[in-house]
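S.K.: With the input below, show me the fold.
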Amino acid sequence: MLGIFLLLAPLAARAQTDEIQVYDATIAPPGVFNLMVHSNFTPEGRTTPAYPGAIIANHSFNGTLEWAYGVKPWMEQGLYLPVYTPYSSKRGGTIDGMKIRELFVRPNAQQHKLFWGTNFEFSFNYHYWESRTFTAEVRPIIGANLGKWELIYNPVVDTDYRGGLGGLQFNPESRIVYYLNPKWDIAAEEYDGFGTFNDFSPLHDQFHEVWGAFDHYGHTWDVEAGAGYGLTAGSDKWTLKLMISRDLNKKPWRPHFHL
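M.R.: As a prediction, the model looks like this:
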């Protein structure tokens, strides 16, 4: 699958995103459903669309419902439905599309000093959300648990199925976490968009944002929130994010088929 994917090509420019998150290889336990609500607001962002007809980032609010199911200790199936924008300039509220994903990880990642995984994501988009109807990503996950510290790197590669190897777009993400206690942590994150491998964008057009974030691990709900600051003209000046998640069942559920 990965070999076929790498023959495809990516998006021409980094547009809006419904998910601002560095993956750490944590997944739902087998048989457990999880729901995460992603909400992102851009109080000060790019005032011109990434391509003609695209949603304008400035003052936009967007998000998604991420439904996940633990298939195996090493696999989680995910569905983003719907991807939506409650408000954007000149367009108002819109339904933007949907995504499915397959996430493969080292089982019980948080119990190991080194962990890893790979996420495959396939998207259906309306024209104002992405310039192409069908897009995808491969997201490797590389991480290290160092006591109270955790280091994570996601060298994300995106595609819109055009352009060959050189047309793949490189959008890496990274995160440094410090655990204050079992219920709270603080983190520094970076999200980057360099452009295509065969033609990296000029620095001022690239996407580079640095973030401060925190996580709270509650009895019922987990919360992650943060604020990001853009370093280049190709980034949004300020972006806010909020993610709220919980397991939907305590007793593992497995489908039963009778032939």
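S.K.: tell me the contacts of the closest residue in space to Gln21 that isn't next to it in sequence?
M.R.: Closest residue to Gln21 apart from its sequence neighbours, by CB to CB, 6 or more residues apart in numbering: Met243 at 6.7 Å. Glycine gets a C-beta too; all of them are placed from N, C-alpha and C. Contact criterion CB atoms under 8 Å, 6 or more residues apart in numbering gives Gln21, Met36, Val37, His38, Ser39, Val223, Glu224, Ala225 as the residues in contact with Met243.
S.K.: what bridges to Met243?
M.R.: Counting by DSSP bridges, Met243 is bridged to His38, Glu224.
S.K.: Quickly note the distance from it to Asn58.
M.R.: Remark: distance between Met243 and Asn58 (CB to CB, to the nearest Å) = 22 Å.
S.K.: Check Val156 too.
M.R.: 24 Å.
S.K.: neighbour count winner among those two?
M.R.: Val156 (22 against 15; other CB atoms under 10 Å).
S.K.: Pretty sure that one sits against Ala136.
M.R.: No: applying CB atoms under 8 Å, one finds Val156 not in contact with Ala136, separated by 11.0 Å.
S.K.: which regions of the stretch 1-150 of the chain lie under the pLDDT threshold?
M.R.: Low-confidence segments of the stretch 1-150 of the chain (pLDDT under 70): 1-15.
S.K.: the helices in it, which residues?
M.R.: 2-5 (DSSP state H, counting those that start in this stretch).
S.K.: Would you state the strands of it in chain order?
M.R.: Listed in chain order, the strands of the stretch 1-150 of the chain (DSSP state E, counting those that start in this stretch) span 33-44, 61-72, 75-87, 94-105, 114-125, 134-146, 149-154.
S.K.: Quick one: the ones you listed as JSON lines, columns for mean neighbour count and distance to Glu209 too.
M.R.: What follows is the strands of the stretch 1-150 of the chain, written out as JSON lines (neighbours: other CB atoms under 10 Å; distance: least, CB to CB, whole Å):
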{"stretch": "strand 33-44", "mean neighbour count": "18", "distance to Glu209": "11"}
{"stretch": "strand 61-72", "mean neighbour count": "20", "distance to Glu209": "16"}
{"stretch": "strand 75-87", "mean neighbour count": "18", "distance to Glu209": "19"}
{"stretch": "strand 94-105", "mean neighbour count": "19", "distance to Glu209": "20"}
{"stretch": "strand 114-125", "mean neighbour count": "18", "distance to Glu209": "20"}
{"stretch": "strand 134-146", "mean neighbour count": "19", "distance to Glu209": "17"}
{"stretch": "strand 149-154", "mean neighbour count": "17", "distance to Glu209": "14"}
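S.K.: looking at the ones you listed, which is closest to Pro202?
M.R.: Closest to Pro202 of these, according to CB to CB: strand 33-44, at 22.2 Å.
S.K.: Report all helices and strands that that closest one contacts.
M.R.: On a contact count with 3 or more CB pairs under 8 Å, 6 or more residues apart in numbering; DSSP states H and E, strand 33-44 meets strand 61-72, strand 238-247.
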